[in-house]
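Asks: need a structure here:
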Amino acid sequence: MPINTATKDGMTKPKLFLLVCLVCLAGLLADSREAVAQTPLEQTLINLPANTWYAVPNTHMRDVCLPEGSAVDGFQGCGAIVEAWGGGAYDAVHRKMIIWGGGHETYYGNEVYAFDIPSARWERLNDPSPGPFNRDPLADGKPVSRHAFDGLQYITHANRFFGYGGAQAQNGGGTHVTWTFDVDTKTWRNMLPAGASPGVGHVYQLSSAYDAKTRNVYMRDPFNLYAYNFDTNTWTTRMYWEHVWDPQTAAIDSRRDLYFTIGAGEWLVYDITNNSDVTANWITNGGNALIAEGAPGLAYDANSDNLVAWHGGAVHVLNMQTRAWTRKSAVGAPPLPASNGTFGRWRYVSQYNVFILVNSVDDNVYFYKHMTLAPPPTPDPSGPQQVIEYYHAGLDHYFITWKATRSPSSMPAL
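Replies: Here you go, the predicted structure:
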């Protein structure tokens, strides 16, 4: 039964407690922002105008690569970590962009690299394993390097970097081993999960995305869509969903619970909640040239409620209501993508409301801001339960649940 006792000024208790909660939240945000001083790069990103690119000076990944001539060079050296179908994932826990790649004959090193946003520095998180390299796991129990494609994600709730599939070093064979990496201890774990994992046909041109709500990594091979759950350490086959044998990238719309796959002429949409193909409901216009490209960068901006893609030059923005793609600024952007695709090296960073791009080991790290932060939504205290998604510059975003019928005694403490 709703509590609706009025105070002297006529304000009902639900309204009063909502006001108190929002005031407390504002205080917590202010306290958090004061407690953690923002670095120069963080301040730059927060203050970056809308539709603006920014290249961080002196941020070439090659500066922390192994010296040329090492035993893991292959025929291309550390440049192959990006160029040879290399992928990446954003670690929101440590605020790092993680890059991992190499593989086949291009580069044998399996070391992990990360761009730390607060310090604006590249880090080599570990050193490469010794050979021989044509196996997974290697003799030291660590993963072989690989053309990673879109097989890398960060499982945020578990604080683990995830990798699956790809073309392994030296022989180029596919690998079906499920790996996670602990950024804090810098250790790999062969997960040995239950269930059938992706790999019907091959494990090369995979696309994947992590969904925070279901806590699953969704992944497509040439024939099926799968879900990996870290908590149960299990792969499950979600549905038959055949696609072409070419590089693609995936992203999840967290508001509508949709999984999008783009690239090589395909644009496919999966409804996570109802376990169904809803591509027919998402026919877009103005994006045919983008969709035809191999593995463009694709990420969902929950602040603006847009899918934002990049494949060189100006970004492409999909309006989720009109289904229309538009182009934005190319000023200051790299004119061309890495030769074999962008994959997961283009990511949305909610803490700063920007996109991050790693396009080459010999170029700077780029950021792009699509829109400035929208104001927090105003709840209706007389209405049904609402989930309010609130973003704050320099901090993680917050989800607040408000139910008008909730009694004061059951209100969560802030």
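Asks: got the contact list for stretch 328-341?
Replies: Where contact means CB atoms under 8 Å, 6 or more residues apart in numbering, the residues beyond stretch 328-341 that reach it are 51-55, 82-86, 149, 247, 249, 263, 293-297, 310-317, 345, 357, 359-360, 363, 366, 368, 370. C-beta here means a position set from N, CA and C on the backbone, and glycine is covered the same way.
Asks: Give me the subset of these that lies in strands.
Replies: Counting by DSSP state E, the contacts of stretch 328-341 place 52-55, 249, 263, 297, 310, 316-317, 357, 366, 368 in strands.
Asks: Please enumerate the strands of the stretch 1-150 of the chain.
Replies: Using DSSP state E, counting those that start in this stretch, the strands found in the stretch 1-150 of the chain span residues 52-55, 87-91, 96-100, 113-116, 121-124, 146-147.
Asks: Y259 is nearest to which of those strands?
Replies: strand 87-91 (16.1 Å; CB to CB).
Asks: Please name the strands paired to the closest one in the sheet, noting orientation.
Replies: According to DSSP bridges, strand 87-91 forms sheet pairs with strand 96-100 (antiparallel).
Asks: Give me the mean pLDDT for the strand it pairs with.
Replies: The average pLDDT within strand 96-100 is 98.
Asks: which residues touch that strand?
Replies: When contacts are defined by CB under 8 Å, 6+ apart, strand 96-100 is touched by residues 61, 81-82, 86-91, 110, 112-117, 123, 145, 148, 152, 154, 161, 163, 183, 345, 347, 356, 358, 365.
Asks: 6 Å instead?
Replies: The set of residues external to strand 96-100 that reach it, using CB atoms under 6 Å, 6 or more residues apart in numbering, is 88-91, 112-116, 148, 161, 356, 358.
Asks: By neighbours, which of those wins?
Replies: Ranked by neighbour count under the definition other CB atoms under 10 Å, the contacts of strand 96-100 are headed by G88 with 31 neighbours.
Asks: what's the distance between the nearest residue to T284 once chain neighbours are set aside and H157?
Replies: Of all residues beyond its chain neighbours, the one nearest T284 is R323 (4.6 Å), with distances taken as CB to CB, 6 or more residues apart in numbering. Taking CB to CB, to the nearest Å as the measure, R323 falls 31 Å from H157.
Asks: Those two - which one has more neighbours?
Replies: R323 (14 against 11).
Asks: and T284, how many neighbours does it have?
Replies: The local packing count at T284 equals 18, with neighbours defined by other CB under 10 Å.
Asks: about what we covered before: pull up the per-residue confidence for the residue nearest to T284.
Replies: As summarised for this prediction, R323 has a pLDDT of 98.
Asks: May I ask you to confirm that it is in contact with G286?
Replies: No. When contacts are counted by CB atoms under 6 Å, R323 is not listed as touching G286 (9.0 Å).
Asks: Mutual contacts of these two, please.
Replies: Here R323 and G286 share no contacting residue, scored by CB under 6 Å, 6+ apart.
Asks: thinking again about what came up before, list buried members of the contacts of stretch 328-341 by neighbour count.
Replies: By the neighbour-count criterion of 16 or more other CB atoms under 10 Å, the contacts of stretch 328-341 include these buried positions: 51, 53-54, 82-86, 149, 247, 249, 263, 293-297, 310-317, 345, 357, 359-360, 363, 366, 368, 370.
Asks: Not counting residues beside it along the chain, what's closest to Y90?
Replies: In space, not counting the residues next to it along the chain, Y90 is nearest to R347; the distance is 4.0 Å by CB to CB, 6+ apart.
Asks: Next, format the contacts of strand 96-100 as a markdown table and append distance to I99 and pLDDT.
Replies: Putting the contacts of strand 96-100 into a markdown table (distance: CB to CB, whole Å; pLDDT from 0 to 100) gives the following:
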| residue | distance to I99 | pLDDT |
| --- | --- | --- |
| G88 | 5 | 98 |
| A89 | 9 | 98 |
| Y90 | 11 | 98 |
| D91 | 11 | 98 |
| V112 | 8 | 98 |
| Y113 | 5 | 98 |
| A114 | 7 | 98 |
| F115 | 7 | 98 |
| D116 | 12 | 98 |
| A148 | 9 | 96 |
| F161 | 11 | 98 |
| I356 | 11 | 98 |
| V358 | 6 | 98 |
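Asks: For these, which two are the farthest from each other?
Replies: D116 and A148 (20.3 Å).
Asks: Mind splitting this protein into its structural domains?
Replies: What automatic domain parsing lists as the domains of the chain is 13-38+381-410, 50-369.
Asks: Of those domains, which stretch is the most buried?
Replies: With neighbours defined by mean count of other CB atoms under 10 Å, none of the domains of the chain is more surrounded on average than domain 50-369, at a mean of 20.
Asks: circling back to that earlier point, among the strands of the stretch 1-150 of the chain, which is nearest A227?
Replies: Across those, A227 has its closest neighbour in strand 87-91 (17.0 Å, CB to CB).
Asks: CA atoms of that closest one as CSV?
Replies: C-alpha atoms of strand 87-91 as CSV (Å, rounded to 0.1, in the frame of the first residue of the first chain):
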residue,chain,number,x,y,z
GLY,A,87,41.7,-6.4,-31.3
GLY,A,88,41.2,-4.7,-28.0
ALA,A,89,38.9,-4.1,-25.1
TYR,A,90,38.3,-1.3,-22.7
ASP,A,91,38.9,-2.0,-19.0
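Asks: For the stretch 251-400 of the chain, just list every one of the strands.
Replies: When secondary structure is read from DSSP E, counting those that start in this stretch, the stretch 251-400 of the chain shows strands at 258-263, 266-271, 276-277, 297-301, 306-310, 316-319, 325-327, 346-349, 354-357, 366-369, 386-390, 398-402.
Asks: possible to save those strands as a markdown table with distance to M191?
Replies: Written out in a markdown table, the entries for the strands of the stretch 251-400 of the chain read as follows (distance: least, CB to CB, whole Å):
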| stretch | distance to M191 |
| --- | --- |
| strand 258-263 | 22 |
| strand 266-271 | 24 |
| strand 276-277 | 28 |
| strand 297-301 | 25 |
| strand 306-310 | 30 |
| strand 316-319 | 34 |
| strand 325-327 | 37 |
| strand 346-349 | 23 |
| strand 354-357 | 27 |
| strand 366-369 | 32 |
| strand 386-390 | 31 |
| strand 398-402 | 28 |
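Asks: Out of those strands, flag the one nearest S129.
Replies: Across the strands of the stretch 251-400 of the chain, S129 has its closest neighbour in strand 346-349 (26.7 Å, CB to CB).
Asks: Does the helix or strand encompassing R238 pack against any helices or strands, and if so which?
Replies: In this assignment (DSSP states H and E), R238 forms part of strand 234-240. For strand 234-240, the packing partners by 3 or more CB pairs under 6 Å, 6 or more residues apart in numbering; DSSP states H and E come out as strand 224-229.
Asks: All set now, cheers.
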